[in-house]
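> Give me coordinates for this.
(one chain, ligands or ions: 1)
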Amino acid sequence: MSSANQVRSGDLVLLYLTARKRWLVRAIEGEKLHTHRGIVDFNDVIGANYGSTVSTTLSEKLWIMMPSIRDLLMKSERPTQVVYPKDLGAIAAFSGLGPGKRVVEAGAGSGVLTAFMANLVRPNGRIYSFEIRPEFFSVAERNLKKMDLLEYVTLKNVDLQEGLDVTEADIAVLDLGDPWNYVQVMRGCLVAGGMLVSICPTMNQVEKLVEKLEEELFIDIESMEIMLRGLAARTGMTRPNMRMVGHTAYLTFARKTIDPNKG
Ligand SMILES: C[S@@+](CC[C@H](N)C(=O)[O-])C[C@H]1O[C@@H](n2cnc3c(N)ncnc32)[C@H](O)[C@@H]1O
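Down below sits the predicted model:
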C-alpha cells in the first residue's frame, strides 16, 4: 500500500543534485530520465519515499523531493516577462488571495502568476485570465496543464479592450504595459470593496496608473517595490550574497469604492 509520502506513477517530482542542478519531471512507469550525471529509471523512483535518494547509472545520488509551487513556476516556459516569487508573496499577502476567491487577470503572459493564484484559490475559487497573443496564450495553457492547475482557470485568447464577461470578482490583476487603459474594465468586473493589483516595471507607468485609479474612485492606493537580499549562511561568516536581483517590478494595490453616481 502506498502512503502520501511515496511517489506514485504520474507524480511531478523534483530530482535534486545541487541548487543549480535539479530536474522537474513526471515519474512515469517504464520511462527514464537522461541527464549528464547518468540515467534515472522512474521504476526506481515510483514507490520511493519523498526525501530519499535514487541512483543514476553513473552512481550519482539525486534527492527525490515534492516540488513546491516555486519549483513549478521557475521551471515553466517563460517567453514573456513573468512575476517572480518575491513579488508573488506580496501580491498574495496584500490582496487577500486565498481559497474560494474569484480573480480576473490580464495579460496571462506565460501563466506564471495565473498558476500561483490558481494554486491558492483552489479548490472552490477560480481565475479568469485573458491574453491577447495566441502564442503566449498557448504557453500559459501548457504551463497550467503541466502543473495540474488548468481546471481552476478559465483562460481566453482575447483582447481586454473587447471588455470582459466577468462580474463579482474579489481581485483584479493587471500585468500589461498600459494598465491605466483597463482600470475601468476591471472596475466593472470587481465587487464593491474588491482589490485591484497591478504590476508595472517602470515608475512612469505607476504614476499614470495611480492617477487613473484616483479618477475611478479607488482608495487605499499603495505602491511598493519588494527587495530581496539572500544570505550566504556559514558558521561564523554569514553575509549577504554578492549578487542580488536589482529590479523586477513595482506593485500597486487599490480598493474599489461604490461610485454614488454609477454604482
Ligand atoms: C508581462 S506579460 C504577463 C506575465 C504574467 N503575469 C506571468 O507571470 O507570466 C504581459 C502580457 O499581457 C498581454 N497583453 C497586453 N495587452 C493585452 C490586452 N489588451 N489584452 C490581453 N492581454 C494583453 C501581453 O501579450 C503579454 O503576454
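> Ile39 should be in a strand, yeah?
Yes: note on Ile39: a strand contains this position according to DSSP: H, G, I helix; E, B strand; the rest coil.
> what's the burial count for it?
Each residue near Ile39 was counted by other CB atoms under 10 Å, and the total is 11. C-beta here means a position set from N, CA and C on the backbone, and glycine is covered the same way.
> Can you give me every residue that contacts it?
Shown in contact with Ile39 (CB atoms under 8 Å, 6 or more residues apart in numbering): Lys32, Leu33, Thr56, Thr57.
> In strands, which of those residues appear?
Lys32, Leu33 (DSSP state E).
> okay if I get the contacts of Ile39 as JSON lines plus neighbour count and pLDDT?
Converted to JSON lines, the contacts of Ile39 look like this (neighbours: other CB atoms under 10 Å; pLDDT from 0 to 100):
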{"residue": "Lys32", "neighbour count": "13", "pLDDT": "97"}
{"residue": "Leu33", "neighbour count": "20", "pLDDT": "97"}
{"residue": "Thr56", "neighbour count": "20", "pLDDT": "97"}
{"residue": "Thr57", "neighbour count": "13", "pLDDT": "98"}
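> can you tell me how far the nearest residue in space to Ala232 that is not next to it in sequence sits from Arg234?
Closest residue to Ala232 in three dimensions, ignoring its sequence neighbours and counting by CB to CB, 6 or more residues apart in numbering: Asn241, at 5.4 Å. Separation of Asn241 from Arg234 (CB to CB, to the nearest Å): 12 Å.
> same thing with Ile46?
Where Arg234 is concerned, Ile46 sits at a distance of 37 Å (CB to CB).
> Compare neighbour counts for the two and give me the winner.
Each of Ile46 and Arg234 had its neighbours counted (other CB under 10 Å), and the higher figure belongs to Ile46 (19 against 8).
> In stretch 23-34, which residues are buried?
Leu24, Val25, Ala27, Leu33 (16 or more other CB atoms under 10 Å).
> again but with stretch 110-126, I slipped
Residues 110-122, 125-126 are the ones in stretch 110-126 that count as buried (16+ other CB under 10 Å).
> same thing with stretch 127-147?
Within stretch 127-147, the residues scored as buried using 16+ other CB under 10 Å are 127-133, 136-141, 143-144, 146-147.
> Of those, which fall within the contact range of the ligand?
Here is what survives when the buried residues of stretch 127-147 are matched to the ligand using CB under 6 Å from any ligand atom: Phe130, Glu131, Ile132, Arg133, Phe136.
> all helices for the stretch 1-150 of the chain, in order.
Assignment of helices within the stretch 1-150 of the chain using DSSP state H, counting those that start in this stretch yields the ranges 42-45, 69-74, 85-95, 112-121, 134-146.
> Now Gln184: closest residue in space that isn't a chain neighbour?
Ranked by CB to CB, 6+ apart and with sequence neighbours excluded, the top spatial neighbour of Gln184 is Glu216, at 6.2 Å.
> Return the backbone torsion pair for that neighbour.
The phi/psi pair for Glu216 (degrees, to the nearest 10) reads phi -90, psi 20.
> what's around it, how many residues?
Around Glu216 sit 18 other residues, with neighbours defined as other CB under 10 Å.
> about what we covered before: how about a markdown table for the helices of the stretch 1-150 of the chain, with mean pLDDT added?
What follows is these, written out as a markdown table (pLDDT from 0 to 100):
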| stretch | mean pLDDT |
| --- | --- |
| helix 42-45 | 98 |
| helix 69-74 | 96 |
| helix 85-95 | 97 |
| helix 112-121 | 98 |
| helix 134-146 | 98 |
